[in-house]
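[1] Got a predicted structure here, sequence first:
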Amino acid sequence: MRDLTTSNIERQNVLNNRFAISKIQQSLDIEGILFEGEYWLTKKMVADFYEVEERTIERYLENYAEELCHNGYVLCKGKRLKELKLEFAHVINVGSKTTQLGLFNFRAFLNIGMLLTESERAKQIRSVILDLVISTINEKTGGGTKYINRRDVNYIPAAITEENYRKNLTSAISQCVIGHVTYKYSLITDYIYKAIFKENAKEYREILKLDSKDNVRHTLYAEVLLVISSFENGVGAAIREQYKARKKRLTVEEVKCIIDELAEHPMQKPYLNDARTKMASRDYSFRDAYHGNIANYLRAVTPEEFERLIGDQSIDFDHILAENKDVLKRLKQAEDE
């Protein structure tokens, strides 16, 4: 089981997922004060709920101030505090001379619960949180995340673009590269994968637990497909240029040199970094898949990414495909021309 107490990425993946937050809020019986359209808890309320002393909460506020403020902890002061006192003086129980009051919204309340190691109740809630996060993602994706990448509205055009640029590459390999009629394609494809996300097809399959019949590219995110398209188009063009200049076919190892040079080009760095970050982070959050070779690119999935892949901005790929077969066919043909 993942340890929320030690990983900021794990905690933020929960707190950035508004769908899971909503389910967690429904499942927990939390009494707060409804102020300015949002439920808030004071430091004492939080301490009482988690059955710890207030000074324990204060210590976590000192040690994790930036994280907790990012996730909704605020200091209420001035006119806002005055209005809060007028409405909830009987609940918050603060003196008239109090000039500021710390307040936790529900996300900040959960945040500190994911940090508290002294609280048995917080430990129980962490277990509930992890279960609800998993069930929420499964519910949104219909029970599986192998093809969650297809829920991104950008996936279909990216997949069509990649397929067409791949034809440029395979054509160049066929005409200008010596080697086994079948193996040379898979070897060069693996070199491109290695350059982009530092895994070959076999390694990627093992990490995602794919079947042998599953097409690797059908599980890749739109951003990764676009970088692959860039490599396939660039490598195909370079193969043809070298073949034309030398008047003889290239070896597979010479093609690998082309790929390695392209991977080191400064122009590619921002796109490679983005693709690696998206793959490492999304697969870790949605697919429970850990890419060790690009682990240093791992970060929390953003709220916008949750919206794109399981929220209102996501699409039912199979439904879209069935309804737009003719349009997609024409789009693909237009790309070919």
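    Received the coordinates, thanks.
[2] Okay, buried residues for the helix or strand that contains Tyr165 please.
    Element membership for Tyr165, per DSSP states H and E: helix 155-176. Residues 155-156, 158-166, 168-170, 172-173, 176 are the ones in helix 155-176 that count as buried (16 or more other CB atoms under 10 Å). From N, CA and C alone the C-beta is placed, and that goes for glycine too.
[3] how far is it from where the chain is centred?
    26 Å (CA atoms, centre = their mean, to the nearest Å).
[4] what's that helix packed up against?
    Packing partners of helix 155-176 (3 or more CB pairs under 8 Å, 6 or more residues apart in numbering; DSSP states H and E): helix 183-197, helix 222-246, helix 317-323, helix 325-336.
[5] and those helices, which one's lowest on average pLDDT?
    Least confident of the helices and strands packed on helix 155-176, judged by mean pLDDT, is helix 325-336 with a mean of 52.
[6] my read: Asp283 touches Lys209, true?
    No. Between Asp283 and Lys209 there is no contact under CB atoms under 8 Å: 11.2 Å.
[7] Please say which of the two ends up with more neighbours.
    Taking other CB atoms under 10 Å, Asp283 and Lys209 do not tie; Asp283 has more neighbours (24 against 11).
[8] leaving aside the residues next to it on the chain, what's closest to that one?
    Excluding the flanking residues, the one nearest Asp283 by CB to CB, 6 or more residues apart in numbering is Ala289, at 4.1 Å.
[9] cool, Asn154 as well?
    That would be Ala222: by CB to CB, 6+ apart, it lies 4.0 Å from Asn154.
[10] quick one, helices of the stretch 1-150 of the chain?
    For the stretch 1-150 of the chain, the helices defined by DSSP state H, counting those that start in this stretch occupy 8-15, 18-27, 43-50, 54-63, 65-70, 78-92, 106-115, 120-141.
[11] Residues that sit against both of Asp283 and Lys209, list them.
    Listed as contacting both Asp283 and Lys209 by CB atoms under 8 Å, 6 or more residues apart in numbering are Ala289.
[12] coming back round to it: can you say which of the helices of the stretch 1-150 of the chain is packed in most?
    helix 106-115 (a mean of 24; mean count of other CB atoms under 10 Å).
[13] and that one, how far from the chain's centre?
    Put simply, helix 106-115 sits 21 Å off its chain's centre (CA atoms, centre = their mean).
[14] One more: stretch 133-142?
    Its chain's C-alpha centre and that of stretch 133-142 lie 15 Å apart, by CA atoms, centre = their mean.
[15] same thing with stretch 229-243?
    In terms of CA atoms, centre = their mean, the centre of stretch 229-243 is set 31 Å apart from its chain centre.
[16] Next, the buried residues of that stretch.
    In stretch 229-243, counting by 16+ other CB under 10 Å, buried: 229-236, 238-240, 242-243.
[17] Columns distance to Lys213 on top of these, output as CSV?
    Compiled in CSV, these are given as follows (distance: CB to CB, whole Å):
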residue, distance to Lys213
Ser229, 24
Ser230, 28
Phe231, 25
Glu232, 23
Asn233, 28
Gly234, 30
Val235, 27
Gly236, 27
Ala238, 32
Ile239, 29
Arg240, 32
Gln242, 35
Tyr243, 34
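[18] Which member of the residues you listed is positioned nearest Gln25?
    Within those, the smallest distance to Gln25 is 41.5 Å, found for Ser229 (CB to CB).
[19] and that closest one, what is it in contact with?
    Ser229 makes contacts with 158, 161-162, 165-166, as judged by CB under 8 Å, 6+ apart.
[20] Over to Ile148?
    With contacts defined as CB under 8 Å, 6+ apart, Ile148 is in contact with 141, 282, 286-287, 309-310.
[21] Need the per-residue pLDDT for it.
    Looking at Ile148, its pLDDT is 95.
[22] Return the distance of it relative to Ile315.
    Look at Ile148 and Ile315: by CB to CB, to the nearest Å, they are 11 Å apart.
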